[in-house]
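1. Build me a structure from this.
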Amino acid sequence: MASFSAIKSSKKQNSVPKPNSKSDLKVLNKRTSEGKFKFKRFLQSKYSPLPHIGVDEVGRGCLAGPVVAAAVVLNHSKHNKFLGDSKLLTSEHRKKVSTLMAAQHLISIAWATVEEIDQLNIHYASLLAMKRAVESLGVPNGHVLVDGRFTIPELQGFEQTAIVKGDTFAPPISAASIVAKVFRDEWMERLSQEFPVYGFEKHKGYATSVHRNAIAEHGRCIWHRRSFILGFENPDDGDILLSEIEAGVAEEDITGETDPALGSHKK
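-> So this is what the prediction gives:
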């Protein structure tokens, strides 16, 4: 089982992959103006001090795999028009944006393991992953903008604001959402090669009927969250026991991220 580590990048690193300036940006420019319009309402002066650090997680509602978080500091606003809710963007768009973020902005990726999810519960494991992502940026202070209703406990030296639906409102959070999703999608695709019977490459660990049926037929693997499927016996009834999710916290949309989109970017 993989242990925690974090991944950082900045525009100063020569090893960071750079997007094809013509073809990639042409594809990105095709997205609608909806996100751009909402971002205009984001008042940067409201959140001080600088820099603004966007933080989001992905994989909270999954039956398998880690919960992954990303923290992003945008060095400029030129790419805001490419951002938006990661779940509503195409796989191709997410991959290109993630590469763009790594090439020209500061990013950090971290996670909480399956064991930590089972020990802490998914709520606190998600916050732990976000804390690790922020601390691994190497930024001594700033204002952390957290997607959702909760700020990050025990995060020292930073101001924090929790923003509900922040990935559709605040560009740094949107960027973090995209980076985290692309990274986790690739992780689950790699796991599918080791555990092909579960179809991780299609559902990324979410509670699709295909995934539930595979668990019923083959049992759990080491990447399944025991606290999520403990007592889960009949995949046909759709009654998934999320015993470790506190009331009101499991709002990441178990059904909202079950798309088979593929994405990859690894630093």
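
2. Could I get the phi/psi values of Pro140?
-> Main-chain torsions, Pro140, degrees, to the nearest 10: phi -70, psi -30.

3. Any regions of the stretch 151-267 of the chain where pLDDT drops low?
-> 231-267 (pLDDT under 70).

4. Could you count how many residues lie near the closest residue to Asn80 other than its chain neighbours?
-> Nearest residue to Asn80, sequence neighbours excluded (C-beta to C-beta, 6 or more residues apart in numbering): Pro171, at 4.6 Å. Placement of C-beta: from N, CA and C, glycine included. By other C-beta atoms under 10 Å, 27 other residues sit near Pro171.

5. So Pro171 sits against Gly54, correct?
-> Yes. At 7.2 Å, Pro171 counts as touching Gly54 under the criterion of C-beta atoms under 8 Å.

6. which neighbours do the two share?
-> Leu74 (C-beta atoms under 8 Å, 6 or more residues apart in numbering).

7. Please state the offset of the helix or strand encompassing Ala69 from the chain centre?
-> Element membership of Ala69 [criterion: DSSP states H and E] is strand 67-73. Centroid displacement of strand 67-73 relative to its chain, using C-alpha atoms, centre = their mean, to the nearest Å, is 6 Å.

8. Give the pairing partners of it; include direction for each.
-> The pairing partners recorded for strand 67-73 under DSSP bridges are strand 52-58 (antiparallel), strand 106-112 (antiparallel).

9. do you know which of these lies nearest Gly142?
-> Among the strands paired with strand 67-73, strand 52-58 comes nearest to Gly142, with 5.1 Å by C-beta to C-beta.

10. what comes into contact with the closest one?
-> 44, 67-74, 86, 126, 129-130, 133-134, 137, 139, 142-147, 152, 158, 166-167, 170-177, 180-181, 184, 252, 257.

11. on that earlier part again, okay, the residue nearest to Asn80 and Gly205: tell me how far apart.
-> 28 Å (C-beta to C-beta, to the nearest Å).

12. Let me see the ranges of the helices in this structure.
-> Using DSSP state H, the helices of the chain run over residues 23-28, 34-39, 91-104, 114-120, 122-135, 171-194, 200-203, 209-218, 226-229.

13. Including distance to Val58, could these go into JSON lines?
-> What follows is those, written out as JSON lines (distance: least, C-beta to C-beta, whole Å):
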{"stretch": "helix 23-28", "distance to Val58": "20"}
{"stretch": "helix 34-39", "distance to Val58": "18"}
{"stretch": "helix 91-104", "distance to Val58": "11"}
{"stretch": "helix 114-120", "distance to Val58": "13"}
{"stretch": "helix 122-135", "distance to Val58": "9"}
{"stretch": "helix 171-194", "distance to Val58": "4"}
{"stretch": "helix 200-203", "distance to Val58": "14"}
{"stretch": "helix 209-218", "distance to Val58": "17"}
{"stretch": "helix 226-229", "distance to Val58": "16"}
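
14. between those helices, which gets nearest to Arg60?
-> Of all these, helix 122-135 comes closest under C-beta to C-beta, at 5.3 Å.

15. Tell me which residues touch Ala176, please.
-> Counted by C-beta under 8 Å, 6+ apart, Ala176 has contacts 54-56, 69-72, 107, 133, 147, 167.
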